[in-house]
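# Predicted model, plus sequence, below.
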Amino acid sequence: MHKRPFAILLILALLAAPALASAATVVARVGDRVITQADLDLQFDLFLRQSTGGAALSDEQRAQLAPLKKQYLQRMVQDAVVVQAAERLGLAPDEATIDRRVEQAKQRLSGEDAFLAALKQYGIPDVTTYRRMTYDAMAYKAMIGWIRERLRVSEAATRMLYLLDQSAYAEPEQICTAHILVPSREEAEDVIARLKDGADFAELARQVSKDPGSAPRGGDLGCVALGRFVPEFERAALALQPGQVSEPVQTQFGWHVIRMNERLPARVRPYEEVRGQIRAQIEGRAIERFVKNLVAHADAEVYPDRVQ
């Protein structure tokens, strides 16, 4: 099974509002749509699959997570309210659009049989349910987009938030290093001798380093905040200037030959660098408040005592 179709199905499942109602116990009502126990079971199962990356849960794990069903029902109600708002504004997709999306999914999965097998594998009972999930996901996304387009986040507002909370954008000092890890001091000294003779650090790391994480990257450990390495390693690294290579350094992992690549001083990220992030935060909060207001004024009822 390809990873891309898996992601497509589960993203839709996560965004989807309630699936088609059955004759089972009604646990909530939103306008003229009812949410049944069967709907809740299906959506909650899909949510759990998405949360675990598709891994199967044991009966014991499911029992432990069962109390979350009532909370998840509230999310389903919220999503249904958003979908109905999209319908009132004419933002929901028509049948032809859903047809195209279903056909696209079949093409990505190389045909009808593979498509049906994927639905079954990920707990979607039939094509009708998948169509409804696709409809709900598209309507939900369209409504959120409609809200976002009407937000007016000023430059003054984003800059003010930045100035009021600069500590949120502070970054500690970092060191950017590479290393070659070997089992003994003798091997570390041999590595240093080879480097002095002109060997390339990255190539030598790929050949002899015993660190499975960094060896394929030429020993590169990236840039890491101070305090993340074991003390012996960090002390030796901080004694180096950029471009310098250490003498053999012993830690609990073995013997290291360390190269200092760069030291990055502590800083506060500049406004221009985080402006988009701040704007997204403001928009996210505004959308959340808008949706909560929709739910507060919606014709909706929840029956948590009926949830099994």
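Yep, it's here. Numbers count the residues shown, from 1 in each chain.

# all helices of this protein, in order?
3-15, 37-51, 59-65, 69-88, 95-108, 112-121, 127-149, 155-164, 185-196, 201-208, 231-238, 271-296 (DSSP state H).

# ok, how many other residues are close to Thr128?
Thr128 has 11 neighbours, counted by other CB atoms under 10 Å. Every C-beta, even on glycine, is put in place using the N, C-alpha and C of the backbone.

# gap between it and Tyr303?
25 Å (CB to CB, to the nearest Å).

# With adjacent residues omitted, what lies nearest to Glu171?
Setting aside the residues directly before and after it, Glu171 is nearest to Arg267 in space (CB to CB, 6 or more residues apart in numbering), at 5.5 Å.

# Now that that neighbour has come up, it's in contact with Tyr169, right?
No - in this structure, Arg267 is not within contact of Tyr169 by CB atoms under 8 Å, at 9.1 Å.

# which one of the two has more residues nearby?
Each of Arg267 and Tyr169 has its neighbours counted (other CB under 10 Å); Tyr169 has more, 16 against 12.

# Select the longest strand from this structure.
strand 254-264 (DSSP state E).

# Just the CA coordinates for that one, please, in CSV.
C-alpha atoms of strand 254-264 as CSV (Å, rounded to 0.1, in the frame of the first residue of the first chain):
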residue,chain,number,x,y,z
GLY,A,254,33.2,5.7,23.3
TRP,A,255,36.0,7.9,22.0
HIS,A,256,35.2,11.0,19.9
VAL,A,257,37.1,13.2,17.5
ILE,A,258,35.1,16.4,17.4
ARG,A,259,35.1,19.2,14.9
MET,A,260,33.6,22.5,15.7
ASN,A,261,31.8,23.9,12.7
GLU,A,262,30.1,27.0,14.1
ARG,A,263,29.0,28.7,17.3
LEU,A,264,25.7,30.5,17.2
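
# Tell me the buried residues in that strand?
Gly254, Trp255, His256, Val257, Ile258, Arg259, Met260, Asn261, Arg263 (16 or more other CB atoms under 10 Å).

# Make TSV out of those residues and add pLDDT.
Converted to TSV, these look like this (pLDDT from 0 to 100):
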residue	pLDDT
Gly254	96
Trp255	97
His256	97
Val257	97
Ile258	98
Arg259	98
Met260	97
Asn261	97
Arg263	95
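
# Out of these, flag the one nearest to Ala86.
Distance to Ala86, by CB to CB, is smallest for Asn261 among those, at 50.7 Å.

# picking up where we left off before, quickly note the distance from the residue nearest to Glu171 to Leu163.
In this view, Arg267 and Leu163 are 16 Å apart by CB to CB.

# ditto for Ala28
Taking CB to CB, one finds Ala28 at 44 Å from Leu163.

# which one of those two has more residues nearby?
Between Ala28 and Leu163, counted using other CB under 10 Å, the more crowded position is Ala28 (23 against 9).

# how close does the residue most central in space within the chain sit to Gln61?
Residue closest to the average C-alpha location in the chain (CA atoms, centre = their mean): Ser51, at 10.0 Å. According to CB to CB, Ser51 stands 11 Å off from Gln61.

# Repeat that for Val291.
Using CB to CB, Val291 is found at 30 Å from Gln61.

# Between these two, which has more neighbouring residues?
Using other CB under 10 Å, the more surrounded residue of Val291 and Gln61 is Val291, with 18 against 13.

# contacting residues for that one?
Gln78, Val81, Val82, Ile147 (CB atoms under 8 Å, 6 or more residues apart in numbering).

# If you rank these by neighbours, which is first?
Val82 (26 neighbours).

# Please look at that residue and Ala142 and confirm they touch.
No - at 9.6 Å, Val82 does not count as touching Ala142 under the criterion of CB under 8 Å.

# Let me know the pLDDT of the residue of the chain positioned farthest from its centre.
Distance from the C-alpha centroid of the chain peaks at Asp197, with 45.9 Å (CA atoms, centre = their mean). As predicted, Asp197 sits at a pLDDT of 95.

# now do Ala63
pLDDT recorded at Ala63 is 80.

# Averaged pLDDT, stretch 277-293. What do you get?
94.

# Just the CA trace of that stretch, in PDB.
The C-alpha atoms that make up stretch 277-293 are tabulated as PDB, following Å, rounded to 0.1, in the frame of the first residue of the first chain:
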ATOM      1  CA  GLN A 277       4.300  32.800  12.500                       C
ATOM      2  CA  ILE A 278       2.700  35.600  14.600                       C
ATOM      3  CA  ARG A 279       0.100  36.300  11.900                       C
ATOM      4  CA  ALA A 280      -0.800  32.600  11.700                       C
ATOM      5  CA  GLN A 281      -1.300  32.500  15.500                       C
ATOM      6  CA  ILE A 282      -3.600  35.500  15.400                       C
ATOM      7  CA  GLU A 283      -5.600  34.000  12.600                       C
ATOM      8  CA  GLY A 284      -5.800  30.600  14.300                       C
ATOM      9  CA  ARG A 285      -7.200  32.200  17.500                       C
ATOM     10  CA  ALA A 286      -9.700  34.300  15.500                       C
ATOM     11  CA  ILE A 287     -10.900  31.300  13.600                       C
ATOM     12  CA  GLU A 288     -11.200  29.300  16.800                       C
ATOM     13  CA  ARG A 289     -13.300  32.100  18.400                       C
ATOM     14  CA  PHE A 290     -15.500  32.300  15.200                       C
ATOM     15  CA  VAL A 291     -16.100  28.600  15.200                       C
ATOM     16  CA  LYS A 292     -17.000  28.600  19.000                       C
ATOM     17  CA  ASN A 293     -19.500  31.300  18.300                       C
END
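
# Nothing else from me, thank you.
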